[in-house]
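>>> Sequence and predicted structure are below.
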Amino acid sequence: MDSNNEKKQDSGAEENKPAEKEPENIETFLDMAKFYFINKKYKEALEKFEHCLSIDPGNEEVLLSIGLIHEVNNEIEKAKNVYQAILKKNPDNKAAKEKINKLSGL
Amino acid sequence: MRQFAVIGLGRFGFSVAESLIKKGAQVLAIDRDEEKVQAISEIATYAVALDATDESALKSIGIQNVDVAVVSIGEDIEASVLVVMILKEMGIREIVAKAITDLHGRILVNLGVNRVVFPEGEMGKRLANSLVIPTVIDFIQLSDEYSIVEIPAPGEFEGQTLKELGIRARFNMNVLAIRRKVPTLDEGGEASYAEETIMAPSADDKVEAGDILVVLGENTKFQKLSKLL
């Protein structure tokens, strides 16, 4: 298990290469962000998700993921702010609604 | 698993019933308001609308067979006292009752209620404690001096073992558990996380990013620990 994680983490530099070739490909950055997320590299994951937002501002999947990173970092108010920002633009976003309810203890 | 009856399905009673059901318990839910009964009927083992001060109605649904009865009638003190008396006479061994005033609580104790709860008072204390130390997630006061507190692990703790951190020596506290978030990706590639609890962690357990420490210690020391956050 640990050796697999080490292998995954060691390949972080390799993960950056496709992004250098395709700087505006959101899917590439999403994959990288998820790679870092699953390996608990939350700071790096947040950077990649924020880069995704610079390519596609307002992307709700990306915003939800950013909220999620704030949650795992115990930054509950920041997470709520992100989910509220989603709902401001799209009041029908069910996932954001559920997240806010959960974080508010409802 | 023990069988429970929850009488009174207001906000408190509903929450108690719902939590018991989620833990796999068999719950008989009772309220005189049909709408409230309807709301819980999909998840409760048995939900019934009746007046709980009617002894024969209670007997007819077999309430005498439950192990624990929770009386969450707060607002109507007379009804609360009557129901407790009926349940005691039926021989229910364990009765937990909600009280809204000290006098109400004392009456319930004198009637032989095993545990009286003051939900508003207890929540008020917890809220005040969490406001004094905002970083604290939850706070259970054990005595005037000691509490169990859930607190996010300070960033400087990450990657270190509990032994290396020397929490007991530095803060005179014991780490009872670590609540950890485990990142996951579902089949569609959507990010999420699961929560796991490491009970009685060993000295060699490492603190990870996003961990929440459940610590037992002196109330005066939590402020010191929270300053690291």
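Yes, it's here.
>>> can I assume residue B:142 is in contact with residue B:148?
Yes - the criterion here is C-beta atoms under 8 Å, and residue B:142 meets it with residue B:148 at 6.4 Å. The C-beta positions use only the backbone N, C-alpha and C, and glycine is treated the same way.
>>> Now the residue positioned nearest the centre of chain A: which helix or strand?
In chain A, the residue lying closest to the centroid (C-alpha atoms, centre = their mean) is residue A:65, at 3.4 Å. Per DSSP states H and E, residue A:65 falls inside helix A:60-72.
>>> what comes into contact with the helix or strand that that helix is followed by?
With elements assigned by DSSP H and E, the helix or strand that comes after helix A:60-72 is helix A:76-89. Residues external to helix A:76-89 that are found in contact with it (C-beta atoms under 8 Å, 6 or more residues apart in numbering or on different chains): A:58, A:60, A:63-64, A:66-68, A:70-71, A:93, A:96-97, A:99-100, A:103-104.
>>> where along chain B do the helices fall?
B:11-22, B:34-41, B:55-60, B:77-90, B:102-110, B:119-132, B:162-165, B:167-171, B:219-226 (DSSP state H).
>>> In JSON lines, list those helices along with mean neighbour count, mean pLDDT and distance to chain A.
Shown next, in JSON lines, are the helices of chain B (neighbours: other C-beta atoms under 10 Å in any protein chain shown; pLDDT from 0 to 100; distance: least, C-beta to the nearest C-beta, whole Å):
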{"stretch": "helix B:11-22", "mean neighbour count": "18", "mean pLDDT": "92", "distance to chain A": "11"}
{"stretch": "helix B:34-41", "mean neighbour count": "15", "mean pLDDT": "93", "distance to chain A": "15"}
{"stretch": "helix B:55-60", "mean neighbour count": "14", "mean pLDDT": "94", "distance to chain A": "32"}
{"stretch": "helix B:77-90", "mean neighbour count": "18", "mean pLDDT": "95", "distance to chain A": "26"}
{"stretch": "helix B:102-110", "mean neighbour count": "15", "mean pLDDT": "92", "distance to chain A": "25"}
{"stretch": "helix B:119-132", "mean neighbour count": "13", "mean pLDDT": "77", "distance to chain A": "11"}
{"stretch": "helix B:162-165", "mean neighbour count": "16", "mean pLDDT": "92", "distance to chain A": "18"}
{"stretch": "helix B:167-171", "mean neighbour count": "14", "mean pLDDT": "86", "distance to chain A": "18"}
{"stretch": "helix B:219-226", "mean neighbour count": "16", "mean pLDDT": "76", "distance to chain A": "13"}
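>>> Determine which of those helices approaches residue A:51 most closely.
helix B:219-226 (33.4 Å; C-beta to C-beta).
>>> got the contact list for the residue nearest to residue B:225 when sequence neighbours are not counted?
Ranked by C-beta to C-beta, 6 or more residues apart in numbering or on different chains and with sequence neighbours excluded, the top spatial neighbour of residue B:225 is residue B:171, at 5.3 Å. Residues in contact with residue B:171 (C-beta under 8 Å, 6+ apart) are B:215, B:217, B:221, B:224, B:225.
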